[in-house]
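Undergrad: What follows is a predicted structure for the sequence shown.
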Amino acid sequence: MKLKVSGMLLITILTLNCQSVKLQSVVSQDVEKRAQGLLSQMTLDEKLSYIGGDNDFYIREIKRLGIPAIKMSDGPQGLRNDGKSNAMPCGIMLASTWNKDLAMAYGKALGEDAKARGVHILLGPGVNIYRAPMCGRNFEYFGEDPYLTSRTAVAYIRGVQSEGVMATVKHFAGNNQEWDRNKVSSDIDERTMQEIYLPAFAAAVKEANVGAVMSSYNLLNRVYTSQNRWLLTDILRKQWGFQGILMSDWIATYNTVEATNNGLDLEMPSARFMSVDSLKRHIATGEIQEKTINEKVLRILRTIINFGFVDKMQLDETIQLDNPKGAATALNVAREGVVLLKNDHQILPITNTKIKKIVVCGSNASQFVSGGGSGRLNPFHFVSTLDGIRKIAAEFGIQVSYVNEYSTLKFIEADLIIACFGFNSSTEKEGSDRTFELPTSETDLINAAFLSGKPVIGVVNAGGSVEMQEWFPKLSGLLWAWYPGQEGGTAIAEVLFGKVNPSGKLPVTFEKSWNDNPAFNSYYDTNKSKRVSYSEGIFVGYRGYDKQKTVVQFPFGYGLSYTKFKLTDMTVEKSKKSNEKVIITCKIQNIGTLEGAEVVQLYISKPGFDVVQPEKELKGFEKFHLNPGDIRVVTFEVSKQDLSFYDAKSQMFVAEKGKFIFMLGASSRDIVLQKQLVLE
């Protein structure tokens, strides 16, 4: 039996309340009438100029018709365009919380910050898949897995749009590297697109009802995404039913006729190609129809009317620019997003019974650390890692000193060294890729710390994995702090001293060597053709490491705690309510001595299928906060969609009958329970 899993037409009617802003498949008669009425009053020049951005971050005003200027702002982790702002933890740190409620709160905080600045459209989230660790914008995204990325993105978008602010899902699609991004073609087969690189965009449209989509810089299968008809029209509009605004990335439009005819609504930040003069020339020759222009203008008008932008002021002066609610959310995300990767001999949490003096070292310890580019923010205030450690250490009566020099002598006023190292906005950023190896200055620092003979705890800032074979074995403990936002120093210190029990889990696999990565042979343009074939196909991330039987440094989903958990009593059965669903349950218990949180991860295997399948795929997760001894029942509901794969021949998702293995664990390589079920 094969089941077609078709995309349903999406919502485009606005429902504005504390929960969600939804766009429905059939626009209301009132909205359609208003949009058509405005269109009918627009001159040709007004219509043509309306589909080109204005003043860098605006859709232009048409004052005589009462159409307001629509203001946009970067970025995915904080409002960048209006001076100082709340600086949230980076996107990949949000994903490492594995907490959908926190992702919703994160989006709501961004929505409030947007309204406080009169911003209508937030240019986020970014949902491109982490394919290789060097991509300069990995820190903005949600990791290597399409399911985790989708769940995080849907919650984020719902949070933003619940505040009456339009979210923009980006970069559509195949923008999985930053090197030469304006010229490189990502050559990806259709199954891989549908199973790996498109699901988060599809979920943003079909589940979160995102108001805007942004195309990417790169070519996809030799066609620029901003003029790729298969991507923009066949998939996004026809298959998924998207009716919102489709904009280009900034200076990422390349051809007037192709972009206009193949689906792009709005060229940003201004009209270089979709300009009034250029469009008029092509209309005169018949290459572009005025009807096509009308459709674009209507989509923009419908969407801004739906969101209420035409009827009310977006600026909400009752919201503080330096918003304490946003700061609280930033702190909670950082607390749950820090990942404890190593804790030899339970050196953490730090206690004053063993530790009296601490030396903190590294330039990252004393400054605000973030990735660079459009994700770079200027916070009103921030807590550095050093500030956070000093504050909590004082409560324990522990002395703290700081050094940023490599002399071993500096490490002798110490019982413990906390080395803060990694990348920053100058070395990991938009527009270029970083190295897999740490900068020399950072390895020099950590090596000097080792020469002291004192135990060293590493606190690393990076948007993904790095080469660590030289220094990792010498560390006594390791926290992966990503880019933790303005409250990051507090969260890191709370984890170090045990005020917070770490619960972050890696949203990516950390390989031992770049050579081990499934994309190793197909990431760079070695023959200078400007074409990169994604030869690993669907076997990106943990799917590829499983296929290759690679020993990794840390698996996808990995993260340590100061307590212990146990999974028991797994059941798998067909739903009594629907033949289309499977119900999986188990019990989780905190068997340790401290309160803590664990993420129960559900993976599904489809052995025996004629079409090659991954060894396992994430299809569910839930995070539980438990006191010692507490037991909770975990329930997962799996649909036919979760059991399907994309059949390139029939060009649809299909779910075949046969044996399925359902696996529960604490990471992709820590499966503790599994059962199989045959589905007819």
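TA: Thanks, I have it.
Undergrad: Could you list the low-pLDDT ranges of this protein?
TA: Low-confidence segments of the chain (pLDDT under 70): 1-27, 406-411.
Undergrad: Quickly list the domain ranges of it.
TA: As recorded under automatic domain parsing, the domains making up the chain are 29-306, 324-496, 565-679.
Undergrad: which residues sit in contact with D322?
TA: K84, N86, F380, H381 (CB atoms under 8 Å, 6 or more residues apart in numbering). All C-beta atoms are positioned from the backbone trio N, CA, C, and that covers glycine.
Undergrad: Of those, keep whichever come out buried.
TA: Buried members of those, counted by 16 or more other CB atoms under 10 Å: N86.
Undergrad: Between the contacts of D322, which sits nearest K206?
TA: In terms of CB to CB, no member of the contacts of D322 lies closer to K206 than N86, at 29.8 Å.
Undergrad: That closest one and G375, how far apart?
TA: Distance, N86 to G375, using CB to CB, to the nearest Å: 14 Å.
Undergrad: pretty sure Q674 is in a strand, no?
TA: Yes - the assignment for Q674 is a strand, going by DSSP: H, G, I helix; E, B strand; the rest coil.
Undergrad: still on that earlier bit, make TSV out of the contacts of D322 and add distance to G124.
TA: Shown next, in TSV, are the contacts of D322 (distance: CB to CB, whole Å):
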residue	distance to G124
K84	18
N86	14
F380	20
H381	22
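Undergrad: would you list the contacts of D322 in a markdown table and tack on secondary structure?
TA: Formatted as a markdown table, the contacts of D322 follow (three-state DSSP):
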| residue | secondary structure |
| --- | --- |
| K84 | coil |
| N86 | coil |
| F380 | coil |
| H381 | coil |
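Undergrad: For the contacts of D322, which two are the farthest from each other?
TA: N86 and H381 (9.9 Å).
Undergrad: Are there residues contacting both of those two? Which ones?
TA: D322, Q486.
Undergrad: just checking, what packs against whichever strand or helix holds S401?
TA: S401 belongs to strand 399-403 when elements are defined using DSSP states H and E. Judged by 3 or more CB pairs under 8 Å, 6 or more residues apart in numbering; DSSP states H and E, strand 399-403 is in contact with strand 357-361, helix 385-396.
Undergrad: helices or strands next to whatever helix or strand comes next after that strand in the packing?
TA: Following strand 399-403 in sequence order, the next helix or strand is strand 416-422 (DSSP H and E). Packing partners of strand 416-422 (3+ CB pairs under 8 Å, 6+ apart): strand 357-361, helix 385-396, helix 440-451, strand 456-461.
Undergrad: okay, the ones you listed, which one's buried deepest?
TA: strand 456-461 (a mean of 26; mean count of other CB atoms under 10 Å).
Undergrad: That strand packs against which elements?
TA: Using 3+ CB pairs under 8 Å, 6+ apart: strand 456-461 touches strand 416-422, helix 440-451, strand 477-480.
Undergrad: Walk me through which strands the first one pairs with, and which way each runs.
TA: Within its sheet, and counting by DSSP bridges, strand 416-422 is paired with strand 357-361 (parallel), strand 456-461 (parallel).
Undergrad: okay if I get those strands as a markdown table plus distance to K429?
TA: Supplementary listing: these in a markdown table, determined by distance: least, CB to CB, whole Å:
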| stretch | distance to K429 |
| --- | --- |
| strand 357-361 | 24 |
| strand 456-461 | 13 |
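Undergrad: Out of these, flag the one nearest S650.
TA: Nearest of these to S650, taken as CB to CB: strand 456-461 at 45.5 Å.
Undergrad: So what touches that closest one?
TA: Applying CB under 8 Å, 6+ apart, the contact partners of strand 456-461 are 347-348, 364-365, 369, 385, 416-424, 446, 449-450, 466, 471, 474-484, 492, 496.
Undergrad: Measure how that strand sits relative to helix 385-396, angle-wise.
TA: 140 degrees (axes from the mean of the first three to the mean of the last three CA atoms, to 10 degrees).
Undergrad: which residues touch the residue lying closest to L626 once chain neighbours are set aside?
TA: Excluding the flanking residues, the one nearest L626 by CB to CB, 6 or more residues apart in numbering is N590, at 3.8 Å. For N590, the contact set (CB under 8 Å, 6+ apart) comprises T563, K564, F565, G596, E598, L626, N627, P628, G629, D630.
Undergrad: If any of those residues are buried, put those into a ChimeraX selection.
TA: Of the contacts of N590, the buried ones can be selected in ChimeraX as follows, counting by 16+ other CB under 10 Å:
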select :563,565,596,598,626
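Undergrad: List just the nearest of the contacts of N590 to N138.
TA: E598 (25.5 Å).
Undergrad: Across the sheet, point out what pairs with the closest one.
TA: The partner residues for E598, given DSSP bridges, come to F624.
Undergrad: picking that back up, quick one, which of the helices and strands packed on strand 416-422 gets closest to V403.
TA: The nearest among the helices and strands packed on strand 416-422, by CB to CB, is strand 357-361 at 5.0 Å.
Undergrad: right, and D316 touches A114 too?
TA: No - the criterion here is CB atoms under 8 Å, and D316 misses it with A114 at 9.3 Å.
Undergrad: These two: which is more packed in?
TA: Set D316 next to A114 and count neighbours by other CB atoms under 10 Å: A114 wins out with 29 against 15.
Undergrad: what's the more buried one in contact with, if anything?
TA: S73, L79, H120, L122, V160, E163, V165.
Undergrad: Dump the helices and strands packed on strand 456-461 into a markdown table; add distance to F636 as well.
TA: A markdown table is the format used below for the helices and strands packed on strand 456-461 (distance: least, CB to CB, whole Å):
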| stretch | distance to F636 |
| --- | --- |
| strand 416-422 | 35 |
| helix 440-451 | 41 |
| strand 477-480 | 27 |
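Undergrad: Tell me which of these lies nearest to K47.
TA: Closest to K47 of these, according to CB to CB: strand 416-422, at 49.4 Å.
Undergrad: and the closest one with helix 440-451, angle?
TA: Inter-element angle recorded for strand 416-422 and helix 440-451: 170 degrees (by the same axes, to 10 degrees).
Undergrad: burial measure for the nearest residue to N175 once chain neighbours are set aside, as a count.
TA: Distances taken as CB to CB, 6+ apart put S216 closest to N175, at 3.7 Å, once the chain neighbours are dropped. When neighbours are counted by other CB under 10 Å, S216 registers 25.
Undergrad: follow-up on the earlier one: which among the helices and strands packed on strand 456-461 is found nearest to K238?
TA: strand 477-480 (41.3 Å).
Undergrad: by contact count, what packs against that closest one?
TA: Strand 477-480 makes packing contacts with strand 339-343, strand 456-461, helix 488-496 when contacts are defined by 3+ CB pairs under 8 Å, 6+ apart.
Undergrad: can you list the residues that contact it?
TA: 96, 338-344, 347-348, 455, 457-460, 462, 472, 492, 495-496, 502, 504, 506.
Undergrad: And the residues you listed, which of them are buried?
TA: Of these, these count as buried by 16+ other CB under 10 Å: 96, 338-343, 347-348, 455, 457-460, 462, 472, 492, 495-496, 502, 504, 506.
Undergrad: Sticking with K47, tell me its helix or strand.
TA: K47 is part of helix 44-50, with elements assigned from DSSP H and E.
Undergrad: quick one: terminal-to-terminal distance for stretch 559-576?
TA: Length of stretch 559-576, first residue to last, CA to CA, to the nearest Å: 35 Å.
Undergrad: And for stretch 38-49?
TA: First residue to last in stretch 38-49 (CA to CA) measures 15 Å.
Undergrad: End to end on stretch 369-387, go ahead and measure it.
TA: Per CA to CA, the first residue of stretch 369-387 is 13 Å away from its last.
Undergrad: Give me the buried positions along that stretch.
TA: Using 16+ other CB under 10 Å as the test for burial, stretch 369-387 gives 369-377, 379, 382-386.
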